[in-house]
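Q: compute the structure for the input listed below.
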Amino acid sequence: MGKLAAIEMGGTKTILASGRDGHIDERVEFPTTTPQETIARAIATIGGWRDIHGIDAIGIASFGPVRVSPTAPDSGTILATPKPGWSWTQVKAPFAAAFGCPVKLDTDVNGAALAEHRHGNGRGCASLVYLTIGTGLGGGVLLDGKPAQGLLHPEIGHLALRRAPGDDFAGACIFHQDCAEGLLAGPALAARFDMPLPDVLPTDPCWDFVAHDLAQLFVSLILTVSPERIIVGGGVTLRQPHLLDMAKSRVPAILNGYLPDYTDELLSRLITTPRLGNDAGPVGALILAEQALEEAGG
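A: Numbers count the residues shown, from 1 in each chain. You can find the predicted model right below:
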């Protein structure tokens, strides 16, 4: 019996892994460049693993928006995206054609949510939201332990937020300007502060506006999904860890007495960081590969 292969295809980097049930045996990481170069490099790496120990199935956790329905004619296709050159790229079919094994695709944030639900800080939670705030902003939603999907998949990053009084930052999303991604993702913060994010001091007063925006996003999730856990990953909160506590502290004031259960104590447990860290994505993609094999009767 061979191993499972995992692909976490993010907007900035792609991570490949092989292993089983949450255990990564081999890992390769490289920049996500053009579709042709990135997919070819991934196929070559997984092909090398197949030749050594076999590959039974492949799981792909991709940035989006991406067509996740397996019955759609364009299943596995990235839709209109800000990442240059990637709109309408097929990311599932090339791997199915190259390896002839079961392949399952979902969003990168759904993959991370599955990983944290099984192995991380979402264990025991029926409902869970995994947010990643980095090059973009995305959110994976699990209900009863399964990704929420409808016509497409949740696009939490493009929710409109109520702005803080006095905040005149226009936002940086090419589609909506000041949606959640346009206010909170790495490029938006670099534009707001006019400097690279790692250089911004935690004492900069503009963090108050950013914390307000993130708190508004938390409240939107609380009111619509009522998750038992909100797990926040990605480079923004990793480089600026003070931001998460600043945002959590603002949630009760935004709720303004509604839902009094959401105390500071509850919010300290409800909103947290991923236990798996940077492994959440590839571990989630391994779970997708496992599901692909099970669905194929393997």
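
Q: correct me, but Trp88 touches Ile78?
A: Yes: assessed by Cβ atoms under 8 Å, Trp88 is found in contact with Ile78 at 6.9 Å. For glycine as for every other residue, the C-beta is placed from the backbone atoms N, C-alpha and C.

Q: the more surrounded of the two?
A: Legend: neighbour count by other Cβ atoms under 10 Å for Trp88 and Ile78, higher for Ile78 (22 against 12).

Q: where does the prediction get shaky in this structure?
A: 1, 298 (pLDDT under 70).

Q: now do the strands in it.
A: Ranges of strands in the chain, per DSSP state E, are 3-9, 13-20, 23-31, 55-62, 103-107, 127-133, 137-143, 146-147, 229-233, 271-272.

Q: what strands line up against the second one, and which way round?
A: When you say that, I think you mean strand 13-20. Sheet partners assigned to strand 13-20 using DSSP bridges are listed as strand 3-9 (antiparallel), strand 23-31 (antiparallel).

Q: now these in CSV, with distance to Lys104 and mean neighbour count?
A: Putting the strands paired with strand 13-20 into CSV (distance: least, Cβ to Cβ, whole Å; neighbours: other Cβ atoms under 10 Å) gives the following:
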stretch, distance to Lys104, mean neighbour count
strand 3-9, 10, 28
strand 23-31, 18, 14
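
Q: quick one, which of those strands is nearest to Gly233?
A: Across the strands paired with strand 13-20, Gly233 has its closest neighbour in strand 3-9 (11.8 Å, Cβ to Cβ).

Q: can you check what angle separates that closest one from strand 55-62?
A: With axes from the mean of the first three to the mean of the last three Cα atoms, to 10 degrees as the basis, strand 3-9 and strand 55-62 are set at 20 degrees to each other.

Q: ok so, going back, which one of the strands of the chain lies nearest to His176?
A: The closest of these to His176 is strand 137-143. By Cβ to Cβ, the value is 11.7 Å.

Q: quick one: distance of that closest one to the chain centre.
A: For strand 137-143, the separation from the chain centroid amounts to 7 Å (computed by Cα atoms, centre = their mean, to the nearest Å).

Q: and stretch 178-198, by the same measure?
A: Worked out by Cα atoms, centre = their mean, stretch 178-198 lies 17 Å from the chain centre.

Q: repeat for stretch 141-161
A: 11 Å.

Q: for the strands of the chain, give me CSV that also has distance to Cys179.
A: Converted to CSV, the strands of the chain look like this (distance: least, Cβ to Cβ, whole Å):
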stretch, distance to Cys179
strand 3-9, 23
strand 13-20, 24
strand 23-31, 26
strand 55-62, 21
strand 103-107, 17
strand 127-133, 13
strand 137-143, 9
strand 146-147, 22
strand 229-233, 17
strand 271-272, 20
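
Q: ok, which of the strands paired with strand 13-20 comes nearest Ala164?
A: Short answer: strand 3-9, nearest of these by Cβ to Cβ, at 33.6 Å.
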